[in-house]
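Participant: Return atomic coordinates for the entry below.
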Amino acid sequence: MSVVQFSTRDTAENLRRELVEAVYNGHVRTGLDFHGEGPVEIDVALRGVGDVHIAFANTTPVTLVTPSDEEDLLYLSVAGGNGVHDARGEDLYIRPGDVNVMRRDRTTVTTVAERSSCLSIAIPRRLVVDRISSSDNLLKTRSLRDPAAHLLNSYAVSLLHNHVDIPEADQAVFAAHLVDLAVLMLGAKRDSGQQARKNGVRAARLQAIKADIAAHLCDPRLSLEWLSRRHGISVPYVRALFYEEGTSFTDHVTAERLDHVHGLLGDPGFRHHTIAAIALMVGFGDISWFNQVFRRRFQATPSDIRQSIVSN
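Facilitator: I've put the predicted structure just below:
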């Protein structure tokens, strides 16, 4: 399934509530009541990954009335603002960065009195409860300062940011990683913890490192040592993550930089830059070597690529 995105800004005001209920409620199955007289504004991204569903919403003040869940799903909620989750008088005060399993065994009311965001991850309860040390763990509030919670959040967000269709077989793998990270965050039994660290944690760390590389391709500090310090893991660990994927850190960075150069060659904003200047800007220090690896990857010289783009 690809990512489903919508914004009420693209919809007439009199149709916004209906649109939100039709799309967002398909994920969270809740009633929405927006506060005040101002226009309803909500931006939503949704994605199903196997048995797991992810939703991110940025919304104006809202109250959500949620009935008990008939499909026995666990809803992990990562708060981006302040709110109150009321489960029949048992108020849970929510702060930015809090991670909670939202009560679904009874009707609940969640009130957010300010513009806020929320990441919601729906996981079948059967995939989690037998792997955690106690069901009481589901009632505890976590924080994004917790390493497992941070990895779960970043991994789920990365799947929402990737708009490419995910094949069904790969969806099962990604879903398993999300479940592993949720189990680890909620307090895994010993054997389940070992499995989660071996699979879900390593996958999430690799995803986070790749995102960091993409964001810092042009940064001269980009290196194995620099990344390992930023992510609090060892250089051999980072090397091993790429090795397990059948590549290396150097090969991955080179491929990302080559793709970036390829894109810039067709960017009108860079048409007056020389190819050498673009290559140096992206992080290639040896222009002769850059030309070799570029031609090997794209079966054409950078000049050929630029000319073909201009001609079209």
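Participant: could you pull out the strands for the stretch 151-300 of the chain?
Facilitator: Taking DSSP state E, counting those that start in this stretch, the stretch 151-300 of the chain contains no strands at all.
Participant: per-domain residue ranges of this structure.
Facilitator: 4-215, 252-311 (automatic domain parsing).
Participant: Show me the helices in the stretch 1-150 of the chain, by range?
Facilitator: 16-23, 25-28, 147-161 (DSSP state H, counting those that start in this stretch).
Participant: and those, which is most packed in?
Facilitator: helix 147-161 (a mean of 21; mean count of other C-beta atoms under 10 Å). Placement of C-beta: from N, CA and C, glycine included.
Participant: Which residue ranges of the stretch 1-150 of the chain form strands?
Facilitator: With DSSP E, counting those that start in this stretch as the criterion, the stretch 1-150 of the chain has strands spanning 4-7, 31-34, 42-49, 52-59, 62-66, 73-79, 83-87, 90-94, 98-102, 108-112, 116-124, 142-143.
Participant: what comes into contact with the fourth one?
Facilitator: Taking contacts as C-beta atoms under 8 Å, 6 or more residues apart in numbering, the residues outside strand 52-59 that touch it are 24, 27-28, 34, 41-48, 80, 112, 115-124, 156-157, 159-160, 174-175, 178-179.
Participant: Buried among those? Make that a PyMOL selection.
Facilitator: The following PyMOL line selects those of the contacts of strand 52-59 that are buried, judged by 16 or more other C-beta atoms under 10 Å:
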select buried, resi 24+27+28+34+42+44+45+46+47+48+80+112+116+118+119+120+121+122+123+124+156+157+159+160+174+175+178+179
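Participant: one step back: between the domains of the chain, which one is closest to A240.
Facilitator: domain 4-215 (8.5 Å; C-beta to C-beta).
Participant: pLDDT below threshold where in the chain?
Facilitator: Scanning the chain for pLDDT under 70 picks out the ranges 1, 17, 20-21, 23-29, 36-38, 69-71, 87-90, 310-312.
Participant: Can I get the strands of the stretch 1-150 of the chain in JSON lines including distance to Q207?
Facilitator: Shown next, in JSON lines, are these (distance: least, C-beta to C-beta, whole Å):
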{"stretch": "strand 4-7", "distance to Q207": "20"}
{"stretch": "strand 31-34", "distance to Q207": "31"}
{"stretch": "strand 42-49", "distance to Q207": "13"}
{"stretch": "strand 52-59", "distance to Q207": "14"}
{"stretch": "strand 62-66", "distance to Q207": "29"}
{"stretch": "strand 73-79", "distance to Q207": "16"}
{"stretch": "strand 83-87", "distance to Q207": "28"}
{"stretch": "strand 90-94", "distance to Q207": "26"}
{"stretch": "strand 98-102", "distance to Q207": "18"}
{"stretch": "strand 108-112", "distance to Q207": "29"}
{"stretch": "strand 116-124", "distance to Q207": "15"}
{"stretch": "strand 142-143", "distance to Q207": "20"}
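Participant: wait, D180 sits on G193?
Facilitator: No. Contact criterion C-beta atoms under 8 Å: D180 and G193 do not qualify, at 9.4 Å.
Participant: Looking at those two, which one has more neighbours?
Facilitator: Legend: neighbour count by other C-beta atoms under 10 Å for D180 and G193, higher for D180 (29 against 19).
Participant: That one and E114, how far apart?
Facilitator: 33 Å (C-beta to C-beta, to the nearest Å).
Participant: and what of A176?
Facilitator: Distance of A176 to E114, computed by C-beta to C-beta: 36 Å.
Participant: what's the answer for I275, then?
Facilitator: 49 Å.
Participant: quick one: which of the two has more around it?
Facilitator: I275 (20 against 10).
Participant: so who does that one touch?
Facilitator: By C-beta under 8 Å, 6+ apart, the residues touching I275 are 265, 302-303, 306.
Participant: Ok, P302 next?
Facilitator: So P302 contacts 261, 265, 275, 279, 291, 294 (C-beta under 8 Å, 6+ apart).
Participant: can you redo the residues you listed as CSV with distance to P167?
Facilitator: Compiled in CSV, those are given as follows (distance: C-beta to C-beta, whole Å):
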residue, distance to P167
V261, 29
L265, 30
I275, 36
A279, 34
N291, 35
F294, 29
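Participant: who's in contact with the spatially most central residue of the chain?
Facilitator: The centre of the chain sits closest to V157, judged by C-alpha atoms, centre = their mean, with a distance of 1.4 Å. Going by C-beta under 8 Å, 6+ apart, V157 touches 56, 119.
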